[in-house]
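Participant: Coordinates only, no sequence provided:
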């Protein structure tokens with residue numbers, strides 16, 4: 001937990017170079033790496049979207065969301081759609097979902113949806129906080145959205 005806290009603090013302070021890159025390529029690469037590790041993840045590509053940002057940080061943002069989806073919902077589905085001046089990326093799972101009354105709180109550091117604090121059933125409570133910090137640093141946002149099946153996390157980034 002101490003290592004996770006230090007990592008969270010480091011992410012708040014360290015900023016990589018802002019580069020122009022194809023977000024779809026980053027997401028596709030991340031999904032392929034996750035599949036190669038034997039995890040159930042799919043991707044539904046959309047139009048090419050170029051963003052400006054720190055590719056390593058954005059990869060960590062989406063890796064956290066995919067890991068959460070697999071941990072709590074057995075599988076992850078990743079997709080995106082281009083908006084006017086932005087891109088909306090969704091990461092969905094088939095788990096129990098997120099209680100709308102607790103959703104916003106889950107983005108705070110060290111808050112977990114699993115109250116048992118058992119490391120076997122959950123992490124340190126930093127994944128969503130890190131995702132939000134990275135998105136905010138890139139001029140974007142991360143929210144939990146209502147979903148018919150499981151949880152759905154929405155990331156909106158400028159492009």
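Facilitator: That came through fine. Computed from a predicted model, the values in this text were never measured in an experiment.

Participant: When you work out contacts or count neighbours from here on, use the C-alpha atoms and nothing else.
Facilitator: Fine.

Participant: Was I right to think residue 91 contacts residue 153?
Facilitator: Yes: applying Cα atoms under 8 Å, one finds residue 91 in contact with residue 153, separated by 5.3 Å.

Participant: anything in contact with each of those two?
Facilitator: residue 65 (Cα atoms under 8 Å, 6 or more residues apart in numbering).

Participant: does residue 144 count as helix, strand or coil?
Facilitator: strand (DSSP: H, G, I helix; E, B strand; the rest coil).

Participant: low-confidence ranges in the protein?
Facilitator: Filtered on pLDDT under 70, the chain yields the residue ranges 1-15, 109-125.

Participant: Which residue ranges of it form strands?
Facilitator: 19-22, 41-44, 50-53, 76-83, 86-92, 141-145, 152-158 (DSSP state E).

Participant: Who has more neighbours out of residue 91 and residue 153?
Facilitator: residue 91 (24 against 21; other Cα atoms under 10 Å).

Participant: got the contact list for that one?
Facilitator: 65, 66, 69, 76, 77, 78, 79, 152, 153, 154.

Participant: How about it: what's its closest non-neighbour residue?
Facilitator: Nearest non-adjacent residue to residue 91, counting by Cα to Cα, 6 or more residues apart in numbering: residue 78, 4.7 Å away.

Participant: I figured that neighbour hits residue 70, correct?
Facilitator: No: using Cα under 8 Å, residue 78 makes no contact with residue 70, being 11.5 Å away.

Participant: quick one: common contacting residues for those two?
Facilitator: Common neighbours of residue 78 and residue 70 (Cα under 8 Å, 6+ apart) are residue 41.

Participant: Not counting sequence-adjacent ones, nearest residue to the most centrally placed residue in the chain?
Facilitator: Centroid-nearest residue in the chain: residue 65, 3.0 Å away (criterion: Cα atoms, centre = their mean). Taking Cα to Cα, 6+ apart, and ignoring the residues beside it in sequence, residue 65 has residue 91 as its nearest neighbour in space, at 6.7 Å.
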